[in-house]
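>>> Build me a structure from this.
(chains A and B)
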Amino acid sequence: MHRRILGLTLACFSLGQLTLRAQDFKVFDREVQIHGFASQSFVYTNTNNWLTMDSNQGSAAFTDFGLNVSSGITGKLRVGAQVYDYNLGQLGAYHPSLDWAFADYRFKSWLGFRGGKVKTTLGLYNDTQDLDFLYTFALLPQSVYPTDIRDATLAHTGGDVYGSISPMRRLGDFSYTAFVGHRSDGIYGGFAYLASSYGVHFSSYGGLQYGADLRWNTPLKGLLVGISRINEDITAKGTSPNPNPGGAPLPYSSVSKADWINQFYGEYIVGKLRIDSEYRRVLHDESTEGGLLLSTSDTRGCYVSGTYQVMKRLAVGSYYSRYTIHVVSGGPLAPLVPDQTDTSLPGNHVYDKVVTVRVDLNRFWDVKLEGHFMNGYGFGPYPDGFYSQDNPQGFAPNTNALVVKTGFNF
Amino acid sequence: MKYRKILLSLFLLAAGSIIFGATSSLADDIKIIANSTVNVDTISLAELKAVFLEERSSIGSTHVEPVLQKDGPAHEAFLQEYLGMSDDNLQAYYRALVFTGRGSMPKVLGSDAEVVAYVARTRGAIGIVSSATRAEGVKTLALELPNSGAARKLITRVEPDYPETLKRLNIGGTVRLRVSISPKGTVEQVELLGGNPILGESAALAVKKWVYAAAKSQTVTEVTLWFDGR
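Below is the predicted model of the structure:
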């Protein structure tokens, strides 16, 4: 596996070097751009295995890469697509996916439309969370941007309406996005992996998703604040274990009765200092097997981060991230999913203190060194990096992690 | 108590330098140049920002394309004073656009001369060069500021003559003028936008003698004058 990772990484880096000179070209007198990125991480944890990796032994099973092509067909119409592939411990498994592919028509600065598979605008970084090279941190705060269940909010197949308006100059600028579409999680994602620990294997997981984002570039230079909302109607289908020994797996289905995400965020940039803060609440009210199991999970995540560009090629950063989960179950199968109501318990929260150093070797290549000091393992129906099947010996209450990451883009 | 006051003063000084430091001028004058196909002579600050942040792709009826310099004083001045972001932040902004499919990397060139040459031969191109650059084969766009009073201080004001005949007939009203002001502050061009043409001619003669504070580039503003006919 390590050879495969190394080979893929080298191949991607080589491709990047080759295409550096050929990323712009013309087809039928239209300029076409090709861009790509790749990253490779090594993670070591002192106690629990994290993010489905054997991180307690030290793991390099954290690789991703993407390649996109786009072109401006006319001044107002753009088309493009990006392929993304990743492996994170037991997730992803190098099954490439269409990350985004859409046509974008911008009538005016205040009105545009996108149609196709579109990255979902949610909070500061949801649509760019895979683009490691944009951030000082090796891992974004997992309470708000959980890497293992990135599929949940990443993209939708449908359409967006978007634009920017400046009603009065002294009030700053407002940007809006409203969208509707279909969410479709990969069966190699965190929810599917979590369900597999109960013997449930998903064949599909997704459904209708619609929402909006409004952000305000305030008159105070460098200060942006915003709010996002998503409503969902999720259906999971697959198979569940047969209680009769030797029997064929039984059909499985679950539907969400209420499913929404609220996110509030702010960003302040002054000189070389950047301060971000976000709060996300995810409510998932689910009915499984026609009401045999009813569960309501209420997950709340928030963080405050600061980064400082010490010099052109060196940045440092730190954040404090809090994740809590509250679960209440009902129905005949309720004993299978115990309630989680005390968020002070380590099983119901993850409090993560992080320090990072980022060095840019050149404009295209960066290296990051990051330390995580986590209290709690927040194990529940909305996971946050810790899974029981990766930790059969049980969970330790605290986990320290070292993440070394290198990324490349062109 | 004395120490507390000194500490408070130092804190306020530091906070002030953080908040207001970014607005101080750090670089030389700039000039906004455009390909001859760009069918406007002026561009507002909001339009300029929107073009370079790829929030809009046309000005008037013309498709436009931003052109940047890799570095240099004109580039730095433009980023700090017009876009309000560092080069690193701008690059990150463009990469976020590119890798989410919402935009493309703009053309980046190495010098003023390269920008002028590229803008001259590329339909719709708009670029930023230092004001001393010879802009041959391209047009120079004047920056239109939304509020002349706040943006450029009027240093010398000459009141218009009220034409005797109109005054006697109690003919007055408002005259609106579009005024192009040079970087040095002298009025270069006056265009009547509305009002009585005779009053407008008188107003234009006076406004041409006005002097504004110096600025980094040519600006255009709107001036309204009132002739009281009572």
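>>> In stretch A:238-250, which of the residues would be classed as buried?
Neighbour-count burial for stretch A:238-250, with 16 or more other Cβ atoms under 10 Å in any protein chain shown as criterion, is recorded at A:238, A:240. C-beta coordinates here come from the backbone N, C-alpha and C atoms, glycine included.
>>> Output that stretch as PDB, nothing but the C-alphas.
C-alpha atoms of stretch A:238-250 as PDB (Å, rounded to 0.1, in the frame of the first residue of the first chain):
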ATOM      1  CA  GLY A 238     -28.600  -1.100   1.600                       C
ATOM      2  CA  THR A 239     -28.600  -4.300   3.600                       C
ATOM      3  CA  SER A 240     -28.600  -5.200   7.200                       C
ATOM      4  CA  PRO A 241     -27.600  -8.400   9.000                       C
ATOM      5  CA  ASN A 242     -30.100 -11.200   9.300                       C
ATOM      6  CA  PRO A 243     -30.800 -12.100  12.900                       C
ATOM      7  CA  ASN A 244     -31.200 -15.800  11.800                       C
ATOM      8  CA  PRO A 245     -27.700 -17.300  11.500                       C
ATOM      9  CA  GLY A 246     -26.900 -18.200   7.900                       C
ATOM     10  CA  GLY A 247     -29.800 -16.100   6.600                       C
ATOM     11  CA  ALA A 248     -29.400 -13.700   3.600                       C
ATOM     12  CA  PRO A 249     -28.900 -10.100   4.500                       C
ATOM     13  CA  LEU A 250     -32.100  -8.100   4.800                       C
END
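>>> Okay, and the beta partners of the residue nearest to A:Leu273 when sequence neighbours are not counted?
The shortest distance from A:Leu273 to any non-neighbouring residue, by Cβ to Cβ, 6 or more residues apart in numbering or on different chains, is to A:Tyr308 (5.3 Å). On the basis of DSSP bridges, A:Tyr308 takes part in beta bridges with A:Leu273, A:Val316.
>>> how many neighbours does A:Tyr308 have?
15 (other Cβ atoms under 10 Å in any protein chain shown).
>>> my guess is it meets A:Gly317, correct?
Yes - A:Tyr308 is within contact range of A:Gly317, at 7.1 Å (criterion: Cβ atoms under 8 Å).
>>> Tell me the bridge partners for A:Phe373.
Assessed by DSSP bridges, A:Phe373 has beta-bridge partners A:Lys353, A:Asn400.
>>> How about stretch A:106-114 and chain B, touching?
Yes - Stretch A:106-114 lies within reach of chain B by Cβ under 8 Å from any Cβ of the partner chain, at A:106, A:108-109.
>>> contacting residues around the residue of the stretch 101-250 of chain A found nearest chain B?
Residue nearest to chain B within the stretch 101-250 of chain A (Cβ to the nearest Cβ): A:Ser109, separated by 4.1 Å. A:Ser109 makes contact with A:163-164, B:50, B:55-56 under the criterion Cβ atoms under 8 Å, 6 or more residues apart in numbering or on different chains.
>>> can you check B:Tyr93 too?
The contact partners of B:Tyr93, taken as Cβ under 8 Å, 6+ apart, are B:53, B:85.
>>> Need the three-state assignment for the residue nearest the centre of chain B.
The centre of chain B sits closest to B:Leu143, judged by Cα atoms, centre = their mean, with a distance of 2.9 Å. The three-state label given to B:Leu143 by DSSP: H, G, I helix; E, B strand; the rest coil is strand.
>>> all strands for the stretch 301-410 of chain A, in order.
Secondary structure of the stretch 301-410 of chain A (DSSP state E, counting those that start in this stretch): strands located at A:314-330, A:349-360, A:365-375, A:398-409.
>>> need those strands in a markdown table with distance to A:Gly58 and mean neighbour count, can you?
Shown next, in a markdown table, are those (distance: least, Cβ to Cβ, whole Å; neighbours: other Cβ atoms under 10 Å in any protein chain shown):
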| stretch | distance to A:Gly58 | mean neighbour count |
| --- | --- | --- |
| strand A:314-330 | 23 | 20 |
| strand A:349-360 | 19 | 20 |
| strand A:365-375 | 15 | 19 |
| strand A:398-409 | 9 | 20 |
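>>> so where does residue 78 fall, helix or strand?
In the absence of a named chain, chain A is used. For A:Arg78, the host element (DSSP states H and E) is strand A:77-88.
>>> was after chain B, sorry
helix B:73-78.
>>> How about that helix and chain A, touching?
No - applying Cβ under 8 Å from any Cβ, one finds helix B:73-78 separated from chain A by no less than 13.2 Å.
>>> How far off centre is that helix?
Per Cα atoms, centre = their mean, to the nearest Å, the displacement of helix B:73-78 from the mean C-alpha position of its chain is 14 Å.
>>> and what of stretch A:31-47?
In this view, stretch A:31-47 has its centroid 14 Å away from the chain centroid, taken as Cα atoms, centre = their mean.
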